[in-house]
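Participant: Would you be able to build a 3D model of this:
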Amino acid sequence: MSNLDFFLSRCYDLAMDVFLQFFAASETARSIAVLSLAVVIGLGIGRLSWRGLRLGVGGVLFSGMILARLGASLDADILYFAREFGLVLFVFAVGMQVGPGFVDSLRRRGLFLNLAALFSIALSVALAVAFYLALDLPPPVIVGLLSGAVTNTPSLAAATQTFAETMPAQAMEAASSAGSAYAVAYPFGILGIILVMLLVRAMFRIMPEAELEALRKLDEILHPPLRGQTFEIRNPAVFLMPVTNFLKLHPTGAAISRVREAGAGASHAPGPETRLSEKMLAHAVGTEQQLERLSLLLGPPVAENLRNAPSEQLEVRRMSVSDQGAAGKSTQVLGLTPEHGVTVTRVVRAGVEFPPGPGVHLHYGDMLTCVGAEKDLDRAAALIGNSAKALEHPHIISLFVGLLLGVILGSMPLPVPGVPGGIKLGLAGGPLLVALFLSRVNNFAGMVWYLPVGANLVLREVGIALFLACVGLNAGENFFSVLLHGAGMYWMGIGTCITFLPLLATATLVRVLLKYDYASICGLLAGSMTDPPALAFSVEMLGTDAPSAVYAGVYPLAMILRILSAQALVAVLLMPGAG
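Facilitator: Predicted coordinates:
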């Protein structure tokens, strides 16, 4: 050892002694300090850039492993709680974020996404079986390597339960061997997904910015933007028909916000007594297709835009739904209609803009564009709340009720034919599914299920940072010792193949044959491995939540299949004559 190495080693030992003595009086304080240090150092590592690429929050995993190697440790119970609580917070926040658009995404591509995830899972299991047959590894070791390589803790737990049921005398020894193999394979399991994401990007020379722009344009096709158009009434069939009756008889989806009678100087909002008349001008808001249908019913579009013309004290306001009593109700029920002097022309929800049809129920946090007179708009604002401060305040009761329901669902054994005791979705699957459902319905069981954007981001970032710090602190010491001594390198090589090859094959398949965009590929890889850290990395790398919707779409089936495949593998390998 050189003098410099000796000096640095002594400085580190001295710093650690001071650190441990300072927090020795309180295990809680020391645990908080160690976790905070791991997160701070890890996020610092994550900010380091190489050719524009960063580890981001993934750096926390490595800082935790380094600190564990250097002697930092946490009480096992505290470590387990912080890890699982961080995971629950992260997946619940993800579910709340992608829930409103989840069904639409699943409807469009759900089948192919889940088939691709199934392909990845089948390949990883096939590789594990191949290594078992070729290298004569003990069944607990190969099962542990498979669970760690695919970063799926519930599958390890399910396999351990199967060991207890099929070989009770050796169950403890088998669980220990499986756990050691899992610990060796798990860190690269997380890193391997990230490396595949980066490799696919380099292999196909993907420009994420260009693809995200293409995704935005595709989204415009699927969810066409709204625009305004003024029409001249020429159809005799609608003359003298009240505007409100016309909209009910011909539900095109467009909203008529202003009218001006022939010869009049100013426009006004259509009231309950307003009737369509010859050469009247009517300004409507809707999609291109909706406005074309409206033109066939009313008359041709004109160059004049009533929105820019003089009006009789007509205003346009953007108002938010922040009153719990308004959530879950339609604009008709709330009285936000021309009969009451207010026309709602646009609704913005989770970044998607659409007109308020008769079957559309408002969600807490929706943003409405309303047209009407000042007094009518004031009445509308009082009905729906229109309080930015209220939207910024998280609903803590709803949050913890959602977490409770998610944990209950994840802990319930779901009956599956041929599987003793059923399977459990765990602390990742249960909260995710509950959050998807609650954010979709928005107003349920007398509560509003809504997380402000800022609160959601905080929960996600804190949750994933806690989870990765704990994983690193837990795996660090054993990881380096097993890696440097015994069969660690040998096991790691096998785990690396089980992680890397199926993911690379799946990504190549969906890119070449299905022409999937890069964001969807990242979400698919993370979802098929049920791996929140990889999802967090892809979201941070791309600067968009696009991977999250795909992740949520494949996660439930992937989780079930990962658990079932581990149990099935144990059962097959322990059959008489296996191998």
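
Participant: Going by C-alpha atoms from here, please, whenever you check contacts or count neighbours.
Facilitator: OK.

Participant: Secondary structure class of residue 348, three-state.
Facilitator: At residue 348 the chain is in strand, as set by DSSP: H, G, I helix; E, B strand; the rest coil.

Participant: Pretty sure it sits against residue 366.
Facilitator: Yes: Residue 348 lies in contact with residue 366 (Cα atoms under 8 Å); the separation is 5.8 Å.

Participant: ok, those two, which is more surrounded?
Facilitator: Neighbours were counted for residue 348 and for residue 366 using other Cα atoms under 10 Å; residue 366 has more, 20 against 17.

Participant: looking at it, the more buried one is touching residue 323, isn't it?
Facilitator: No: counting by Cα under 8 Å, residue 366 does not reach residue 323; the two are 10.7 Å apart.

Participant: Give me the contacts around the strand or helix carrying residue 229.
Facilitator: Here residue 229 is covered by strand 227-232, with elements defined by DSSP states H and E. The contact list for strand 227-232 (Cα atoms under 8 Å, 6 or more residues apart in numbering) reads 279-288, 291, 295, 298-306.

Participant: Are any of the residues you listed buried, and if so which?
Facilitator: 279-288, 291, 295, 298-299, 301, 306 (16 or more other Cα atoms under 10 Å).

Participant: Tell me the one among those residues nearest to residue 566.
Facilitator: residue 287 (49.6 Å; Cα to Cα).

Participant: With adjacent residues omitted, what lies nearest to residue 367?
Facilitator: residue 320 (4.4 Å; Cα to Cα, 6 or more residues apart in numbering).

Participant: any idea how far that neighbour lies from residue 327?
Facilitator: As judged by Cα to Cα, to the nearest Å, residue 320 and residue 327 stand 11 Å apart.

Participant: Repeat that for residue 360.
Facilitator: Computed as Cα to Cα, the residue 360 to residue 327 distance reads 11 Å.

Participant: more crowded one of these two?
Facilitator: Remark: of residue 360 and residue 327, residue 327 carries more neighbours, 22 against 15, as counted by other Cα under 10 Å.

Participant: just checking, which of the contacts of strand 227-232 belong to helices?
Facilitator: Here DSSP state H is the test, and the contacts of strand 227-232 give 288, 291, 295, 298 as lying in helices.

Participant: Would you mind giving the residues you listed as JSON lines with distance to residue 271 added?
Facilitator: Output for the ones in helices among the contacts of strand 227-232, formatted as JSON lines (distance: Cα to Cα, whole Å):
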{"residue": "288", "distance to residue 271": "25"}
{"residue": "291", "distance to residue 271": "21"}
{"residue": "295", "distance to residue 271": "21"}
{"residue": "298", "distance to residue 271": "18"}
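
Participant: Export those to CSV and append columns for distance to residue 344 and pLDDT.
Facilitator: Shown next, in CSV, are the ones in helices among the contacts of strand 227-232 (distance: Cα to Cα, whole Å; pLDDT from 0 to 100):
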residue, distance to residue 344, pLDDT
288, 18, 85
291, 16, 89
295, 20, 91
298, 20, 92
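
Participant: where does the chain have its least confident helix or strand?
Facilitator: helix 3-22 (a mean of 60; mean pLDDT, DSSP states H and E).

Participant: and after it, which helix or strand comes next?
Facilitator: Next along the chain after helix 3-22, taking DSSP H and E as the criterion, comes helix 27-47.

Participant: Would you mark the buried spots in that next one?
Facilitator: By neighbour count on 16+ other Cα under 10 Å, the buried set for helix 27-47 is 30-31, 34-35, 37-46.

Participant: With that, I have no additional questions.
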